[in-house]
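Student: below is the sequence, then the predicted model.
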Amino acid sequence: MSQTPPKGPGKPGAPSPRDPLREQDALSGRFPPRREKKPAPPPPPPPEENGVEPLPVPEGATEIIETDYTIGQDNIEGNAPFAFDVHNPVFGVSALSVVAFTVVTLLFPTQLEPIFGALRDALTGNLDWFFMLAGNIFVLLCLALIVSPLGSVRLGGPEASPDFSLTGWFAMLFAAGMGIGLMFYGVSEPLGHFEAALGGQVIQDGVRTDWAPLGAAVGDPEAARRLGMAATIFHWGLHPWAIYAVVALALGLFAYNKGLPLTLRSVFYPIFGERIWGWPGHVIDILAVLATTFGLATSLGLGAEQATAGLAFLFGFENTSLTKVILIVLITIVAGASVVLGVEKGVKRLSELNMILAVILLAFVIMVGPTWTILTGFFANLGAYATDLIPLSNPFGRDDDNFRQGWTAFYWAWWISWSPFVGMFIARVSRGRTVRQFLIAVLIVPSLISILWMTALGGTAIDLTLSGFAGITDAPLELKLFEMLGQLPLTAITSLVGIILVIVFFVTSSDSGSLVIDTIAAGGKVNAPVPQRIFWVSVEGLVAIALLLGGGLAALQAMAVSTGFPFTIVLLGACYALVKGLINERRELA
């Protein structure tokens, strides 16, 4: 069956720059070799204008999308009272929405607290199947791209080289992706799932009310351990990193290979064409800013809860709301200083410091904790994850509603609300990697490290609990890590390292997040004026404070889920656009 070759990029009605002979039999992927002259080397990148760094020019043969749009053409610039360069209307709508929400939440915290809780429960209770199906699609897409010929496409063009060393690159993407969450839930989640599974199913009025995953493992500690670790790894393994990978890969492809602005709207050019420069694109970027802001606020709020609890545990002062607010303000100031220094001097150095501290803490727990249990448990937990991955991924025909809705659906919405931030940040530092290298690094390696982290910290906590120590079980979520460390040698030192890790993860999330939000709100400019970056750092801190005072953990989770839902729809569209863009890029290499 013959197919009409797809039109090349460019203005509607413009002649295609491609050789029609190469586009025959397009669906089969068989193309005759290019007989044209070797293309001339790309022109040097344009000089900076008004201190704004341009995107790197693609190196080698790529499918440049021809468009009349230029980065920043819709921006408003000025120097009074400080320099600014913002997109109209993305910045205005986003900033006013966030500021208005913050003010209302601070003015009416008591009235809003039950609303936040009801909103979270309604979304996770009714849309759990939707979040779970979307997560499965992201994983399958990433795995398919790794093994397909499309994996040979290189971000930035076939001749591009990486901007960062492998160590520096990995440290930045991992620290930005999950740092605070791993610290907050590293002990509490494996232990919680283990205890729920061990307790078995609880039926009241014909409905399960327990929080155990799947069918539980009543009265069997070893089976409960395996199920609890499998459920934990399910939430921190392939699925969340697949969400990040899809966004990052799509952003990098359309910016570094197609020559479009580094904003989420660019990913949808294959769907909307030139209309992405109008309101369809504005809506996508506004959603990206809001999702990033509230997704970050959830993590920053968790970080503040745990850091203040750790300081109170270690030094004995009172853990109050005022203490959390002061801590958020101080850390926001540090994050602002890091943002001013930029990616190379600020974010990169803090990320590498965090990786060093995390490795030290992890190695310490492995060496002084139940070493053999941890080392053998890593492989046992990996096997348990592989065994239970499909049952845990299935959204239908299950009766473990509390686990599926209260844990999995919330996590997926949280990761999706984080995805514009983490995806944009990873895209900015991943130029020069092939699709296959990129996906293996972003998807597989961090998942394995998450498994080791959860096995070491969570496994140690489970062992201590089985030995008769009840302190970890009885402690609130934010204190469980420190209660576990309290049963190991050098408690004061390790607890202090844990607090520093939480704080530095807080800083790296805030500063890298503000860089990403500013890029979107500046119309794709990757180095907009410093004052507006400081503005977004301050906004993130204020939103975290407002949510903590206006409902605590329930409010934080509610806003993450609320922004995650519409963005899930956006990401499903991005999957189609990504595959289409990679296929066209592959043709250029044929």
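Tutor: Received the coordinates, thanks.

Student: can you give me the strands for the stretch 201-350 of the chain?
Tutor: Counting by DSSP state E, counting those that start in this stretch, the stretch 201-350 of the chain has strands at residues 203-204, 207-208.

Student: show me what the last one pairs with in its sheet, parallel or antiparallel.
Tutor: Spelled out, it's strand 207-208. strand 203-204 (antiparallel) (DSSP bridges).

Student: which other residues reach the partner strand?
Tutor: Strand 203-204 is contacted by residues Thr209 when judged by Cβ atoms under 8 Å, 6 or more residues apart in numbering. Glycine gets a C-beta too; all of them are placed from N, C-alpha and C.

Student: which one, of the strands of the stretch 201-350 of the chain, ends up nearest to Ala61?
Tutor: strand 207-208 (57.3 Å; Cβ to Cβ).

Student: re earlier: of the strands of the stretch 201-350 of the chain, flag the one that's most buried.
Tutor: strand 207-208 (a mean of 14; mean count of other Cβ atoms under 10 Å).

Student: any idea of the mean pLDDT in it?
Tutor: Mean per-residue pLDDT for strand 207-208: 90.

Student: chain center to stretch 554-572, what's the gap?
Tutor: Between the centre of stretch 554-572 and the centre of its host chain there is 12 Å, according to Cα atoms, centre = their mean, to the nearest Å.

Student: in a helix, Trp453, correct?
Tutor: Yes. Judged by DSSP: H, G, I helix; E, B strand; the rest coil, Trp453 forms part of a helix.

Student: adding distance to Met454, write the strands of the stretch 201-350 of the chain out as TSV.
Tutor: TSV is the format used below for the strands of the stretch 201-350 of the chain (distance: least, Cβ to Cβ, whole Å):
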stretch	distance to Met454
strand 203-204	30
strand 207-208	25
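
Student: to Ala363, which of those strands lies closest?
Tutor: Here strand 207-208 is closest among the strands of the stretch 201-350 of the chain (Cβ to Cβ), at 40.0 Å.

Student: which residues of the stretch 451-590 of the chain fall in helices?
Tutor: 471-474, 480-485, 491-521, 530-549, 552-589 (DSSP state H, counting those that start in this stretch).

Student: show me what the longest one is packed up against.
Tutor: This means helix 552-589. helix 109-126, helix 128-147, helix 238-252, helix 269-272, helix 279-315, helix 410-428, helix 530-549 (3 or more Cβ pairs under 8 Å, 6 or more residues apart in numbering; DSSP states H and E).

Student: try it again at 6 Å.
Tutor: Using 3 or more Cβ pairs under 6 Å, 6 or more residues apart in numbering; DSSP states H and E, the elements in contact with helix 552-589 are helix 109-126, helix 269-272, helix 279-315, helix 410-428.

Student: contact partners for the residue nearest to Glu305 when sequence neighbours are not counted?
Tutor: Nearest residue to Glu305, sequence neighbours excluded (Cβ to Cβ, 6 or more residues apart in numbering): Glu478, at 4.5 Å. Contact partners of Glu478, counting by Cβ atoms under 6 Å, 6 or more residues apart in numbering, are 305-306, 309.

Student: quick one: least confident helix or strand in this protein?
Tutor: One helix or strand of the chain scores below all others by mean pLDDT, DSSP states H and E: helix 166-185, with a mean of 71.

Student: which element follows that one toward the C-terminus?
Tutor: Sequence-wise, the next helix or strand downstream of helix 166-185 (DSSP states H and E) is helix 188-199.

Student: picking that back up, nearest to Ser165 among the helices of the stretch 451-590 of the chain would be which one?
Tutor: Closest to Ser165 of the helices of the stretch 451-590 of the chain, according to Cβ to Cβ: helix 491-521, at 17.7 Å.

Student: report all helices and strands that that closest one contacts.
Tutor: Using 3+ Cβ pairs under 6 Å, 6+ apart, helix 491-521 is in contact with helix 90-107, helix 166-185, helix 279-315, helix 321-342, helix 348-368, helix 410-428, helix 480-485, helix 530-549.

Student: for it, buried residues please.
Tutor: 494-521 (16 or more other Cβ atoms under 10 Å).

Student: below-threshold pLDDT in this structure: ranges please.
Tutor: 1-54, 171-179, 342-348, 552-553, 588-590 (pLDDT under 70).

Student: a markdown table please, covering the helices and strands packed on helix 552-589 and showing mean neighbour count and distance to Ala223.
Tutor: Conversion of the helices and strands packed on helix 552-589 to a markdown table gives the following (neighbours: other Cβ atoms under 10 Å; distance: least, Cβ to Cβ, whole Å):
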| stretch | mean neighbour count | distance to Ala223 |
| --- | --- | --- |
| helix 109-126 | 17 | 27 |
| helix 269-272 | 18 | 47 |
| helix 279-315 | 24 | 30 |
| helix 410-428 | 28 | 23 |
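
Student: now the ones you listed as CSV including distance to Thr332?
Tutor: Compiled in CSV, these are given as follows (distance: least, Cβ to Cβ, whole Å):
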stretch, distance to Thr332
helix 109-126, 20
helix 269-272, 36
helix 279-315, 9
helix 410-428, 16
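
Student: looking at those helices, which is closest to Asp400?
Tutor: Closest among the helices and strands packed on helix 552-589, using Cβ to Cβ: helix 109-126, at 13.2 Å.

Student: which stretch among the helices and strands packed on helix 491-521 comes nearest Thr62?
Tutor: Using Cβ to Cβ, the helices and strands packed on helix 491-521 put helix 410-428 closest to Thr62, at 15.7 Å.

Student: quick check: next helix or strand after the closest one?
Tutor: With elements assigned by DSSP H and E, the helix or strand that comes after helix 410-428 is helix 435-439.

Student: what is that following helix packed up against?
Tutor: Using 3+ Cβ pairs under 6 Å, 6+ apart: helix 435-439 touches helix 128-147.

Student: quick one: the helix it packs on to helix 552-589, angle?
Tutor: Using axes from the mean of the first three to the mean of the last three Cα atoms, to 10 degrees, the inter-axis angle of helix 128-147 relative to helix 552-589 is 30 degrees.

Student: starting at the chain centroid, how far to stretch 194-212?
Tutor: Taking mean C-alpha positions (Cα atoms, centre = their mean), stretch 194-212 and its chain are 31 Å apart.

Student: can you pull the buried residues of it?
Tutor: Neighbour-count burial for stretch 194-212 [16+ other Cβ under 10 Å]: 194-199, 208, 210-212.

Student: sounds good, over and out.
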